[in-house]
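Asker: I'll drop the sequence and a predicted model, then ask my questions.
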Amino acid sequence: MKIVAVEAIPFAIPYRKPLRFASGEVHVADHVLVRVRTDDGVVGLAEAPPRPYTYGETQESIVAVVEKLFAPDLVGLSLLERETVRARMERTVGNPAAKAAVDMAVWDALGRTLDLPVTQLLGGWTDRMRVCHMVGFAPDAEMVAEAERVRDRYGIRTFKVKVGRRPVDLDVDACRALRTALGPDVELYIDGNRGWTASEAARALQAMADLDLTLAEELCPADDVLGRRWLTARTTVPTVADESATTPGEVTRELLGGSATAISIKTARTGFSTSQRILHQCEGLGVEVVMGNQIDGQIGTACAVAFGAAHRSSSRRAGELSNFLDMSDDLLTEPLEISGGELAVRPGPGLGIDIDPDKLARYRRD
Ligand code: MUC
Ligand code: MG
């Protein structure tokens with residue numbers, strides 16, 4: 001069970017359709033495949049998606065930090081020493097996606113070694129999650145057509161709509177068009193990726209008061225400390241902290257400061273070990289969580305559903321698990337399948353996924 005190598009392999013797979021949101025846009029999944037090898041010949045897998053506009057990481061920085069800083073510190077540790085793995089990575093500040101991928105690859109290697117699914121090791125609550133689809137910026141008619149296609153083809157009935165444009169009426173009109181087309185029975189919520197001031201956000205929420213939005217995520221910048229508190233105090237829509245709450249300490253600050261009333265958990269930035277801490281912290285405080293999406297590929301989505309389904313409180317809401325559908329290809333031997341609005345956890349040991357060597361050879365960039 002000893003770690004003998006930690007590898008970081010950059011790869012790039014184009015999107016069929018780019019995702020656009022207030023803080024950036026994604027045209028290519030330029031992710032990093034992380035592999036943890038053990039002396040038993042087991043290989044644990046995970047992927048790190050660089051999000052420079054959210055955390056400052058790039059594909060190159062993720063490869064460098066995994067190979068130069070983490071690998072030398074982790075080789076020789078047992079898969080059972082996950083607290084030590086975490087503590088050694090925490091000596092380096094930042095780099096959340098790189099740390100998360102190593103953590104999840106270690107869990108995958110442990111599951112494969114024990115011949116047990118990771119989701120059962122984490123909690124084993126259920127074997128599937130309802131899926132929420134994230135709709136990016138586009139003309140209103142295209143946003144509506146995408147939501148209708150995803151509803152009709154995959155049975156998805158929960159949508160997170162990207163907002164945060166100026167003037168705010170652009171987004172108010174898009175949300176209204178979606179509600180009108182999809183009817184009262186689908187769940188709609190919004191994510192501003194820090195695009196608005198508190199007063200713009202308040203105006204937008206007031207203009208959308210009749211649209212039955214269930215959540216409002218990260219409408220204003222994290223540093224607008226008093227503006228966020230003011231907004232959270234005056235709106236009846238629960239406010240979700242996403243990129244402002246990427247560590248247990250930040251979660252505490254956002255919640256106790258009154259700047260958010262719910263938390264987005266993303267395994268792509270807090271892995272399994274820190275995501276579990278945040279989940280338990282939210283349970284203890286009586287705060288709802290959403291399983292978020294870091295614009296994950298299929299490897300990342302397999303990780304998110306394995307974690308989300310493992311616990312009662314993380315599986316309650318629909319998880320954001322469908323944006324890999326817009327990629328032109330992926331690395332897995334067997335693609336993930338969403339049907340009836342649900343994604344099942346992959347059966348089998350570890351994360352239950354395998355990499356297709358031909359695809360990896362085609363898309364790797366090292
Ligand atoms: C989200 O929930 O914000 C967009 C940027 C990012 O870091 O994650 C995505 C989705
Ligand atoms: Mg978000």
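Answerer: Here it is on my side, so go on. Ligands and ions are numbered 1, 2, ... in the order given.
Asker: so which bits of the top helix by length along the chain are buried?
Answerer: In the chain, assigned by DSSP state H, the helix with the most residues is helix 96-114. For helix 96-114, burial by neighbour count (16 or more other Cβ atoms under 10 Å) applies to 96-114. Glycine gets a C-beta too; all of them are placed from N, C-alpha and C.
Asker: OK, contacts around whichever residue of the chain sits closest to ligand 1?
Answerer: Relative to ligand 1, the nearest point of the chain is Thr54 (3.6 Å; Cβ to the nearest ligand atom). Residues in contact with Thr54 (Cβ atoms under 8 Å, 6 or more residues apart in numbering) are Ser23, Gly24, Glu243, Gln294.
Asker: buried subset of the residues you listed?
Answerer: Ser23, Glu243, Gln294.
Asker: which of the residues you listed are close to ligand 1?
Answerer: Under the cut-off given by Cβ under 6 Å from any ligand atom, ligand 1 has Ser23, Glu243, Gln294 from the buried ones among the contacts of Thr54 close to it.
Asker: mark which of those residues are part of strands, please.
Answerer: Among these, DSSP state E puts none in strands.
Asker: can you convert the residues you listed into JSON lines and add a column each for distance to ligand 2 and pLDDT?
Answerer: Below are those laid out as JSON lines (distance: Cβ to the ion, whole Å; pLDDT from 0 to 100):
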{"residue": "Ser23", "distance to ligand 2": "9", "pLDDT": "97"}
{"residue": "Glu243", "distance to ligand 2": "6", "pLDDT": "97"}
{"residue": "Gln294", "distance to ligand 2": "9", "pLDDT": "96"}
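Asker: now render the residues you listed as JSON lines, adding distance to Gly44.
Answerer: Shown next, in JSON lines, are these (distance: Cβ to Cβ, whole Å):
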{"residue": "Ser23", "distance to Gly44": "31"}
{"residue": "Glu243", "distance to Gly44": "27"}
{"residue": "Gln294", "distance to Gly44": "19"}
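Asker: which of these sits closest to Thr267?
Answerer: Comparing those against Thr267 with Cβ to Cβ places Gln294 closest, at 8.3 Å.
Asker: chain neighbours aside, what residue packs nearest to that closest one?
Answerer: In this structure, Gln294 finds its nearest non-sequential neighbour in Ala268, 3.5 Å apart by Cβ to Cβ, 6 or more residues apart in numbering.
Asker: what sits up against stretch 131-138?
Answerer: By Cβ under 8 Å, 6+ apart, stretch 131-138 touches 18-21, 25, 143, 146-147, 150, 154, 156, 158-162, 165, 178, 187, 191, 290, 293, 317-323, 325, 338, 341-343.
Asker: which positions within it qualify as buried?
Answerer: Val131, Cys132, His133, Met134, Val135, Gly136, Phe137, Ala138.
Asker: if we take those residues, which one ends up nearest to ligand 2?
Answerer: Closest approach between these and ligand 2, by Cβ to the ion: Met134, at 8.4 Å.
Asker: which positions in this structure make contact with ligand 2?
Answerer: Residues of the chain lying close to ligand 2 (Cβ under 5 Å from the ion) are Asp191, Glu217, Asp242.
Asker: quick check: of those, which has the highest neighbour count?
Answerer: The residue in those with the most neighbours, by other Cβ atoms under 10 Å, is Asp191 (28 neighbours).
Asker: roughly how far does the closest residue in space to it that isn't next to it in sequence sit from Arg51?
Answerer: Excluding its sequence neighbours, the residue lying closest to Asp191 (Cβ to Cβ, 6+ apart) is Glu217, at 4.0 Å. Look at Glu217 and Arg51: by Cβ to Cβ, to the nearest Å, they are 15 Å apart.
Asker: phi, psi of the residue nearest the centre of the chain?
Answerer: With distances taken as Cα atoms, centre = their mean, the residue of the chain nearest its centroid is Asn293 (2.6 Å). When read as degrees, to the nearest 10, the backbone of Asn293 gives phi -130, psi 130.
Asker: how about it: what's its closest non-neighbour residue?
Answerer: What sits nearest to Asn293 in space, not counting adjacent residues and going by Cβ to Cβ, 6+ apart, is Glu320, at 3.5 Å.
Asker: please apply the same query to Ala181.
Answerer: Using Cβ to Cβ, 6+ apart, the closest residue to Ala181 is Val144 (4.5 Å).
Asker: need the three-state assignment for the one you found.
Answerer: Three-state assignment for Val144 (DSSP: H, G, I helix; E, B strand; the rest coil): helix.
Asker: pretty sure it contacts Arg176?
Answerer: No. In this structure, Val144 is not within contact of Arg176 by Cβ atoms under 8 Å, at 10.4 Å.
Asker: more crowded one of these two?
Answerer: Between Val144 and Arg176, Val144 has the larger neighbour count (other Cβ under 10 Å), namely 19 against 16.
Asker: next up, the contacts around the more buried one.
Answerer: By Cβ under 8 Å, 6+ apart, the neighbours of Val144 are Ala177, Leu178, Ala181, Leu182.
Asker: just the pLDDT for it.
Answerer: For Val144, the pLDDT comes out at 98.
Asker: how close does the residue of the stretch 101-250 of the chain found nearest ligand 2 get to Val135?
Answerer: Taking Cβ to the ion as the measure, the stretch 101-250 of the chain has Asp242 as its residue closest to ligand 2, at 3.5 Å. Counting by Cβ to Cβ, the gap from Asp242 to Val135 is 16 Å.
Asker: same check, this time on Ser339
Answerer: 20 Å.
Asker: picking up where we left off before, check which helix or strand covers the residue of the chain closest to ligand 1.
Answerer: If you go by DSSP states H and E, Thr54 is part of helix 52-55.
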